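Participant: model the structure of this input:
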Amino acid sequence: MKWLSLLVFTSLFLTSCIINDQKPRITKIKLPAQSIKSFILIGDDEYAPDMTVACAHYGLQIRPMAFQYSVVQKQSSSRTIKYNEAGDRYALKMTVRREKEGKCVFSDGRWVLVTVAVVDLETNETLLVITQEGPTRECPPLTPVWDLLAKLIAAQV
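Facilitator: Predicted coordinates:
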């Protein structure tokens, strides 16, 4: 009876473990005209450094803040044009929700559901929305959610 109880407990424990990365939900709304490699990050400050580092591994640059400057262009001796030019046209709007209580068995990572929207700041349009579930830190055999998201963003834009 003792062995049967131990076997049942072990079976339940192992079958409740997630051993594969979860499939993302990707919604393409409008594709950008050219490839995007630079963004500002809007949203969850707690995980901003993790997302920034993951994006850098996939060739995406995350700037800490948006900037805007005025440009004055002289077209002729009597006509000048002044306009504002944004430093980064695109943003990643990130929302993080803790999905399950507890930590990863092998690290201090937590299970989260992250939604990232690629937003065109010039037109105020959402171009792409990706939702990915996963751990916040290394949790073998799972990949941290930030790496999964950065890879998806780099492949989509």
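Participant: what lies in contact with the helix or strand harbouring T52?
Facilitator: Using DSSP states H and E, T52 sits in helix 48-57. When contacts are defined by CB atoms under 8 Å, 6 or more residues apart in numbering, helix 48-57 is touched by residues 39, 41, 61-62, 92, 94, 136, 144, 146-147, 149-150, 153-154. Backbone N, C-alpha and C define where each C-beta goes, glycine included.
Participant: then stretch 98-105?
Facilitator: C17, G109, R110, W111, V112, L113, E133, P135, R137, C139, L142.
Participant: ok, and the most crowded of the residues you listed?
Facilitator: P135 (24 neighbours; other CB atoms under 10 Å).
Participant: so among the contacts of stretch 98-105, where is pLDDT lowest?
Facilitator: Among the contacts of stretch 98-105, C17 has the lowest pLDDT, at 59.
Participant: thinking again about what came up before, columns neighbour count on top of the contacts of helix 48-57, output as CSV?
Facilitator: Putting the contacts of helix 48-57 into CSV (neighbours: other CB atoms under 10 Å) gives the following:
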residue, neighbour count
F39, 26
L41, 22
Q61, 13
I62, 20
L92, 26
M94, 19
T136, 22
P144, 22
W146, 26
D147, 20
L149, 25
A150, 25
I153, 21
A154, 17
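Participant: for those, work out which two are farthest apart.
Facilitator: Q61 and T136 (22.1 Å; CB to CB).
Participant: given the host helix or strand of L128, what are its sheet partners and their directions?
Facilitator: L128 is located in strand 125-135, with elements delineated by DSSP H and E. Strand pairing for strand 125-135, using DSSP bridges, gives strand 25-28 (antiparallel), strand 110-120 (antiparallel).
Participant: just these: most buried one?
Facilitator: Counting by mean count of other CB atoms under 10 Å, strand 110-120 has the highest mean neighbour count of the strands paired with strand 125-135, with a mean of 20.
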